[in-house]
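> sequence first, predicted coordinates after that:
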Amino acid sequence: MIPYATAAEAEAALGRAMTWAEAAWYQYSAAMPDSWLHCHTTFILFVIYTITPLPLVVLEQFAPSVVLPYKLQPRVRLPLAASLRCYMEAACFFPLAVGFQLVSYPVAVKQILRTRMGLPLPSVREAVAQLVVYSLLEDYLSYWIHRLLHTQWGYEKIHRVHHEFTAPTGFAMSYSHWAENLLLSIPALSGPVIVPCHITTQWLWFSIRLIEGINTHSGYHFPFSPSKLIPFYGGAAYHDYHHYAGGHSQSNFAPLFTYCDYIYRTDKGYRYHKLKQAKLKSLEENNAEKKGGTTAFDIGKD
């Protein structure tokens, strides 16, 4: 709750006029308890998780010719009922998260996260710098937790739930054992704990991370994929191989960037797989050319 009764008081405290964004934030949050602003995080993530995977799920079911050329495992078609089951089982955690946020608010936000709720809003430069730090830190910690989950005990007791989908869908991003969801929340929260931010930056950070996770689990690799634009970004093709290889996979543990897999040499299986695919594609193209040439030659000879 912003401690100013009027916009004029807020501007006097800032020592300047509010920007349009700050004016909008003041109008929205001035009378709203900070605990409710904190709970917005779960609501935003629930909406994103519900809506973002839907277009590909719907197109795959009702207009497959549009998207199947870009599907990484085109022979695997997930039934609509399986997608719905995946969504329902994952979505049930969101209401629990709201309750946990309300109960833990005094400690989680005020003492651990130290999240700012009021004015001023962060500058674009500040928000971008924080997001970069959060991404790098989360990526490194998640890599090691993911490797831990692929030990025999970690996989059999926890991680096998997530690997039920060998050809993942966007909804599979949050389809995991409760203990895995808890463990992987640690890297995501580590950045905001170490480098405290405004609640709006926090919303943006968790939203970007969720959208990215849905993308890597989508099962599709489009020409406009971020992996073609952002250095060391794995994308859907990179993580899809991890699911394709199954529970015994010791490759492609990185959730976002690929530098950890490169440094610790846990991308060998994927690189071999890509090399094998390239050779098979080249062989198929050569065979097609030979067949085409033979046919034309025979026709000319006749």
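Noted; the coordinates are in hand.

> return the backbone torsion pair for the residue nearest to L183 when sequence neighbours are not counted.
Residue nearest to L183 in three dimensions, not counting chain neighbours: I145, with 5.5 Å by CB to CB, 6 or more residues apart in numbering. For every residue, glycine as well, the C-beta is placed using N, CA and C. Phi and psi for I145, reported as degrees, to the nearest 10, are phi -70, psi -40.

> identify the residues contacting I145.
Going by CB atoms under 8 Å, 6 or more residues apart in numbering, I145 touches 183-184, 186-187.

> how about those residues in a markdown table, adding pLDDT and neighbour count?
Formatted as a markdown table, the contacts of I145 follow (pLDDT from 0 to 100; neighbours: other CB atoms under 10 Å):
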| residue | pLDDT | neighbour count |
| --- | --- | --- |
| L183 | 93 | 20 |
| L184 | 92 | 21 |
| I186 | 93 | 13 |
| P187 | 94 | 21 |
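
> just put these in CSV and tack on secondary structure and distance to G118.
Output for these, formatted as CSV (DSSP: H, G, I helix; E, B strand; the rest coil; distance: CB to CB, whole Å):
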residue, secondary structure, distance to G118
L183, helix, 32
L184, helix, 30
I186, helix, 27
P187, helix, 28
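
> which one among the residues you listed gets closest to L59?
Minimum distance to L59 across the contacts of I145 is 28.6 Å, recorded for L184 (CB to CB).

> from W36, how far off is the closest one?
26 Å (CB to CB, to the nearest Å).

> what do you get for R147?
38 Å.

> who's more crowded, the two?
Neighbours per residue (other CB atoms under 10 Å) separate R147 from W36, with R147 holding more: 17 against 14.

> apart from its chain neighbours, what residue comes closest to the more buried one?
F253 is the one closest to R147 (CB to CB, 6+ apart), at 5.2 Å.

> pull the contacting residues for R116.
So R116 contacts 196-199 (CB under 8 Å, 6+ apart).
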